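Colleague: Sequence unavailable; structure follows:
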């Protein structure tokens, strides 16, 4: 049965995750998702992988962890957005709610990101370090592709704009329905602004 095969793939993904093989873990968790998308624990493992891979991304000349990426918010996210995202991730990753190996480590990373980004003074200092270490813009920057891309939640069809370098083809959490999905790029289309157009996680969602 597909469900049994999906369960075996998820077990392998968990083992790969415990070995810090995030690429291998992502491969098998994607297999599990394709076999049985409603498999219990799938979203939890997907988010664990996302947190660990984000924590490995170094910015500011390779000396700073991308704590915005770990928490899954844009660097311009307001306090309420940061708080809401932390709560969403805590529900998926807290060891009391997540039985998988590695949940505690992923939750600690998210907790550290929340502690830093929810403290205005600490966040200001962190942002200062990030800005000071940014390389000078390239003379050809205007010809480079946009740093943002549009994608759509496979569950509720909410359209979101994300940072390309951090989220393209990666698992993200929909700010509207709370489900995880793979952020594949979609061709943008004109959207008439209404009262339902709002600015939330990672950029803009419609």
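Modeller: That came through fine. Since we're looking at a predicted model, the values are computed, not measured.
Colleague: list the helices and strands the lengthiest helix in the chain packs on?
Modeller: Ranked by residue count and defined by DSSP state H, the top helix of the chain is helix 2-18. The contact analysis (3 or more Cβ pairs under 8 Å, 6 or more residues apart in numbering; DSSP states H and E) places helix 2-18 against helix 22-35, helix 42-56. Using the backbone N, CA and C atoms, a C-beta is placed for each residue, glycine as well.
Colleague: contact partners of it?
Modeller: When contacts are defined by Cβ atoms under 8 Å, 6 or more residues apart in numbering, helix 2-18 is touched by residues 22, 24-29, 31-33, 35-36, 39, 41-42, 45, 48-49, 52, 100-102.
Colleague: Just the buried ones from those?
Modeller: 22, 25-26, 28-29, 31-33, 35-36, 39, 41-42, 45, 48-49, 52, 100, 102 (16 or more other Cβ atoms under 10 Å).
Colleague: Now residue 28: closest residue in space that isn't a chain neighbour?
Modeller: residue 13 (3.9 Å; Cβ to Cβ, 6 or more residues apart in numbering).
Colleague: wait, is residue 181 part of a helix?
Modeller: No: the assignment for residue 181 (DSSP: H, G, I helix; E, B strand; the rest coil) gives strand, which keeps it out of a helix.
Colleague: Name the residues of whichever strand or helix holds residue 116 that come out as buried.
Modeller: Using DSSP states H and E, residue 116 sits in helix 103-117. The neighbour-count check on helix 103-117 (16+ other Cβ under 10 Å) flags 103, 105, 106, 107, 109, 110, 111, 113, 114, 116, 117 as buried.
Colleague: next helix or strand past it?
Modeller: Downstream of helix 103-117 (by DSSP H and E), the next one is helix 120-132.
Colleague: list the helices and strands that next one packs on?
Modeller: Here helix 120-132 touches strand 64-65, helix 103-117, going by 3+ Cβ pairs under 8 Å, 6+ apart.
Colleague: what's the average pLDDT for the last one?
Modeller: Regarding helix 103-117, the rounded mean pLDDT is 95.
Colleague: Tell me the gap between that helix and the middle of its chain.
Modeller: How far helix 103-117 lies from its chain's middle: 13 Å, per Cα atoms, centre = their mean, to the nearest Å.
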